[in-house]
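Trainee: below: sequence and its predicted model.
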Amino acid sequence: MAKGTSEKIRKKAMGVTAALVLVGFGAAFLSLFHWQIVRGEELGAKAMEQSLTSTTLPAMRGTIYDATGTKVLAQSASVWTVVLEPAYICENDNLRRTIANGLSEILDMDATEIYEKTGDPGSYYTVIKRKIETDQRDQINKFMADNKIGSGIRLIDDYKRYYPYGTVASNVLGFTGSDNQGLNGLELYYESELSGSAGRLIASKNGFGTDMPYEYEQIVEAENGYDLVLTIDETVQSILEKYLAEGLERFKVANGAVAVAMDVETGGIIGLATKPNYDP
């Protein structure tokens, strides 16, 4: 083969190789541009969503006072949510059974159900019961101390609504739901002021989708709701409701009645009784 022909073939091969390299790098560049620039923000958000879990931390609802500012008509008190940490205890069968049996007696739950929930190695946060009272919380703390349980059980702060005067001004106050949201009366009307802002417990997941330990958590504290002071005077309200009930019985009123007491100088409603009423 002539030298010139060989040289032409070599140059042609080098040109084809260079073209293929350029096409390859161009395709790689376009792919990187597409994933990093065009869809980078979208994919970053999805990755963040997949690697983080968020648990709501409830805010304490504001207190409702009567006109004196001293008598509490509605308030929130502390209760607790019982949470298991299966990843810390799933490999210790004796500890799992101890926890299941102990909590079942305190919380009046099925021990087998609790035991099954302690076996998930991928979870650091499994809720088993909400809104337990102080006596049950104290029993759980004592149970953990007696059995030297340092991890595996967690108590998370929560709140429950109470109405110390029972039926007094119930139709005015209204009531809240299981998630402490106002559903009726002033509880609903002033929901945005009373409810506050919930906090967040943000936890991370690793590449296998398993919850990371608590040192990777971030807590955004809740902001408690504002208090509310009414023009209603609890003493006037109670007297008004008493005599309204007597009037209903005396005159055989079948469809209920309303009585209003007003401060003639300010126009403030110091008593607003409605029958029938209820215990919120």
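Mentor: Noted; the coordinates are in hand.

Trainee: measure how far the helix or strand in which Glu246 is found is from the centre of its chain, please.
Mentor: Using DSSP states H and E, Glu246 sits within helix 234-250. Relative to its chain's centre, helix 234-250 lies at 40 Å (CA atoms, centre = their mean, to the nearest Å).

Trainee: stretch 123-132: which residues count as buried?
Mentor: Within stretch 123-132, the residues scored as buried using 16 or more other CB atoms under 10 Å are 123-126, 128-129, 132. Where C-beta positions appear, they are placed from N, C-alpha and C, glycine not excepted.

Trainee: ah, wrong one, I meant stretch 87-95
Mentor: Within stretch 87-95, the residues scored as buried using 16+ other CB under 10 Å are 87-90, 95.

Trainee: same thing with stretch 71-87?
Mentor: Going by neighbour count (16+ other CB under 10 Å), the buried part of stretch 71-87 is 71-76, 79-87.

Trainee: in helices, which of those residues appear?
Mentor: Assignment to helices by DSSP state H places the following of the buried residues of stretch 71-87 there: 86-87.

Trainee: among the buried residues of stretch 71-87, which one lies nearest to Asp146?
Mentor: Using CB to CB, Val82 comes nearest to Asp146 of the buried residues of stretch 71-87, at 16.9 Å.

Trainee: out of the buried residues of stretch 123-132, which one sits closest to Leu240?
Mentor: Leu240 has its nearest neighbour among the buried residues of stretch 123-132 in Ile132, at 37.2 Å by CB to CB.

Trainee: OK, contacts around that closest one?
Mentor: The neighbourhood of Ile132, defined by CB atoms under 8 Å, 6 or more residues apart in numbering, consists of 79-82, 107, 140.

Trainee: what do you get for Pro58?
Mentor: 157-159, 179-180, 198-199, 222.

Trainee: quick one, strands of this structure?
Mentor: For the chain, the strands defined by DSSP state E occupy 52-57, 64-65, 72-84, 126-132, 153-162, 199-204, 218-220, 228-229, 257-262, 269-275.

Trainee: angle of the longest one against strand 153-162?
Mentor: Between strand 72-84 and strand 153-162, the angle comes out at 160 degrees (axes from the mean of the first three to the mean of the last three CA atoms, to 10 degrees).

Trainee: give the contact list for the closest residue to Thr176 other than its chain neighbours.
Mentor: Leaving aside its chain neighbours, Thr176 sits nearest to Arg161 (4.6 Å; criterion: CB to CB, 6 or more residues apart in numbering). Arg161 is in contact with 61, 74-76, 175-176, 180, 280, counting by CB under 8 Å, 6+ apart.
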